[in-house]
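S.K.: my questions concern the predicted model and sequence given below.
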Amino acid sequence: MARECSSALEKVNEFLAIGFLAEEFVAGLFRKRLEVAESSAVEYERIARDFVEFLGARASRHMDAVTVRDAAAYRDTLAKRVTGSTVNKILKIIRGAWTRATRDGVVTENIFARLDPVK
């Protein structure tokens with residue numbers, strides 16, 4: 001158990017080092033990691049890294065600074081690389097993270113909930 005916690009904390013520190021939006025989001029990811037299978041946690045981390053890379057320097061902003069336009073641009077970028085069902089799966093995972101952040105009072109709106117799925 002201590003080894004698993006140490007590994008999870010290393011992941012949290014990795015996200016903080018790249019300036020991922022808000023510490024609260026990282027904390028939410030850490031909590032989610034404790035709730036899902038290891039393979040799902042690894043997938044969530046991969047998706048988070050990809051989103052951070054997409055945002056570039058904007059990733060250091062607060063989560064509320066991410067706009068619907070940013071989210072739609074990410075969706076459209078994904079649609080050029082992967083199938084529609086994969087895009088929708090990725091957006092569902094990110095939407096879930098924003099839902100948690102909304103519940104926790106970190107953001108005022110879940111901008112990913114405003115996106116339409118792709119075909």
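M.R.: Received the coordinates, thanks. Numbers count the residues shown, from 1 in each chain.
S.K.: check which residues of the helix ranked longest in the chain are buried.
M.R.: In the chain, assigned by DSSP state H, the helix with the most residues is helix 84-103. Of the residues in helix 84-103, 87-88, 90-91, 93-95, 97-98, 100-102 count as buried by neighbour count, 16 or more other CB atoms under 10 Å. In this view, the C-beta of every residue, glycine as well, is placed from N, C-alpha and C.
S.K.: nearest to residue 55, of the residues you listed?
M.R.: Nearest to residue 55 among the buried residues of helix 84-103: residue 94, at 11.5 Å, using CB to CB.
S.K.: what's the closest one in contact with, if anything?
M.R.: Contact partners of residue 94, counting by CB atoms under 8 Å, 6 or more residues apart in numbering, are 47, 51, 71, 112.
S.K.: for the helix or strand containing the first one, packing partners?
M.R.: Counting by DSSP states H and E, the element that carries residue 47 is helix 38-55. If contacts are counted by 3 or more CB pairs under 8 Å, 6 or more residues apart in numbering; DSSP states H and E, helix 38-55 sits against helix 2-17, helix 23-33, helix 68-81, helix 84-103.
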